[in-house]
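Chemist: whatever this is, show me its structure:
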Amino acid sequence: MSLHASAEPYAFHFHHRYHNSFSRATPGAVVIGGDYQGLAIVRSLGRHGVPAIIVDDEHSIGRFSRYTCCSVQVPNLRDEQATLDALFYIGARLGLEGWVLFPTRDETVATLSRHRDDLAAFYRVPTPAWSTIEAAWDKRETYRLAGKLGIPFPRAYTIRSGAEVDDLEIDFPVALKPAIKEHFIYATKAKAWRASNQDELRRRFREASALIGADEVIVQELIPGDGSKQFAYCAFFKDGHDVASMVAQRRRQHPPEFGRASTYVETVSVPEVEQLATQFLAAVDYYGLVEVEFKHDSRNGEFKLLDVNARTWGYHSIGPAAGLDFPSLLYDDQMGETVATGQHAALGVRWVRIVTDLPTAIIEITRKRLGVGPYLRSLRECNSEAVWSRKDPLPGLVEAALIPYLAVKRGF
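Modeler: You can find the predicted model right below:
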């Protein structure tokens with residue numbers, strides 16, 4: 001049933017199966033963003049009988065999950081005030097006091113963090129305060145803290161004008177990336193740009209400055225190697241240590257060079273990545289779900305810090321197959337339940353998001369960097385698919401129908 005009364009500022013869609021969910025004594029979850037990442041949160045909680053609603057400003061597949069009790073379409077989640085207005089209205093409208101907020105995008109994390117005290121008067125807010133989040137939100141702060149802690153990171157430069165470009169002493173090629181990801185990625189659908197020489201760097205710097213301002217442009221050394229050189233520490237982190245954690249290696253990413261997202265990953269053991277990530281997170285007194293990304297530099301053997309994502313990450317649905325259910329663990333902790341610490345993922349567990357992995361594989365096969373046989377074997381060895389589920393098939397079918405929309409909206 002859908003509610004489209006003229007007085008409603010948002011479109012509410014209720015699932016009949018969960019029409020009594022809002023009257024439960026136990027609070028549920030508000031998942032902000034209903035793409036494959038949000039879908040995995042809803043499924044995680046739904047398997048444990050926890051009701052969840054999705055709030056989104058896009059056409060999302062999470063709305064169609066059998067575990068979603070209600071979805072709400074809002075005009076804008078990129079604007080801070082619009083997001084707050086929506087959360088407070090929806091919370092009052094549906095009686096969601098005490099429900100747990102689960103953000104899936106960095107701009108939402110920033111909004112929840114900056115307004116944590118106001119939101120916490122109504123919701124449970126697992127997102128840490130801004131003093132913690134800023135070190136993840138702004139890469140200038142990320143690298144500043146990494147340098148203070150002695151954590152390796154790629155050489156990075158911020159410059160104020162095009163005139164300073166020629167003064168940089170840096171080897172080519174380099175990457176141009178934003179200090180604050182969202183200001184760049186929505187405009188370009190790219191995570192970073194390559195510059196192979198001085199002229200290209202000068203041109204790209206002008207283009208990036210016009211989009212996000214010169215102060216937010218980072219010129220960074222380009223570490224050799226493809227996505228398979230990237231490793232991520234993923235955890236539910238609390239009180240200076242991990243409650244549950246895993247390290248994942250990217251096998252493939254989309255796009256192939258500057259991957260905005262993993263398309264195929266595998267759980268591995270890399271103690272150095274764990275040590276560096278926990279050092280960083282403990283220094284900012286981090287709480288909650290987090291992904292800390294590194295790239296291995298074969299020139300000196302160092303794992304260099306790239307990004308800190310203060311939220312669920314795209315492939316967190318690998319968790320159950322690896323023996324961990326990250327959203328459920330966070331929810332239980334927010335409810336005051338005792339959660340065992342020191343949980344670690346099984347090794348050699350593989351995850352794929354086929355809707356982006358297949359185009360990536362076609363590109364790599366065309367470039368003769370991947371064979372058809374090895375690619376098909378990798379799919380057969382996979383333990384978890386991002387969206388497809390025989391127990392919850394509709395989101396997978398909808399995602400296939402939404403491919404043109406996703407390509408235009410997000411570049412996948």
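Chemist: and residue 253, how many residues sit next to it?
Modeler: Neighbour count for residue 253, taken as other Cβ atoms under 10 Å: 23. Where you see a C-beta, it was placed from the backbone N, CA and C, and this is true even at glycine.
Chemist: can I assume it sits in a helix?
Modeler: No: if the criterion is DSSP: H, G, I helix; E, B strand; the rest coil, then residue 253 is strand and not within a helix.
Chemist: residue contacts, it?
Modeler: 226, 227, 230, 259, 260, 261, 262, 263, 360 (Cβ atoms under 8 Å, 6 or more residues apart in numbering).
Chemist: how near is it to residue 41?
Modeler: As for residue 253, its distance to residue 41 is 22 Å (criterion: Cβ to Cβ, to the nearest Å).
Chemist: quick one: which of the contacts of residue 253 is nearest residue 159?
Modeler: residue 260 (24.3 Å; Cβ to Cβ).
Chemist: check what pLDDT that closest one gets.
Modeler: Looking at residue 260, its pLDDT reads 84.
Chemist: please apply the same query to residue 409.
Modeler: Looking at residue 409, its pLDDT stands at 63.
Chemist: now swap in the one 3 residues further on and tell me
Modeler: Predicted confidence (pLDDT) at residue 412: the value is 55.
Chemist: where do the helices sit along the stretch 1-150 of the chain?
Modeler: Along the stretch 1-150 of the chain, counting by DSSP state H, counting those that start in this stretch, helices occupy 36-46, 80-94, 106-114, 116-120, 130-137, 139-149.
Chemist: deepest in the core, which of these is it.
Modeler: Highest mean neighbour count among the helices of the stretch 1-150 of the chain (mean count of other Cβ atoms under 10 Å): helix 36-46, with a mean of 26.
Chemist: quick revisit: can you list the contacts of residue 253 in a markdown table and add distance to residue 125?
Modeler: Below are these laid out as a markdown table (distance: Cβ to Cβ, whole Å):
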| residue | distance to residue 125 |
| --- | --- |
| 226 | 38 |
| 227 | 33 |
| 230 | 30 |
| 259 | 30 |
| 260 | 27 |
| 261 | 26 |
| 262 | 27 |
| 263 | 31 |
| 360 | 36 |
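Chemist: looking at these, which is nearest residue 206?
Modeler: Checking these one by one against residue 206 (Cβ to Cβ), the nearest turns out to be residue 260, at 22.9 Å.
Chemist: for the residue nearest to the closest one when sequence neighbours are not counted, give me phi and psi.
Modeler: In space, residue 260 comes closest to residue 191 once its chain neighbours are excluded; the distance is 4.7 Å by Cβ to Cβ, 6 or more residues apart in numbering. Taking degrees, to the nearest 10, you get phi -90, psi -30 for the backbone angles of residue 191.
Chemist: with the one 4 residues further on instead?
Modeler: In terms of degrees, to the nearest 10, the main-chain angles of residue 195 are phi -130, psi 120.
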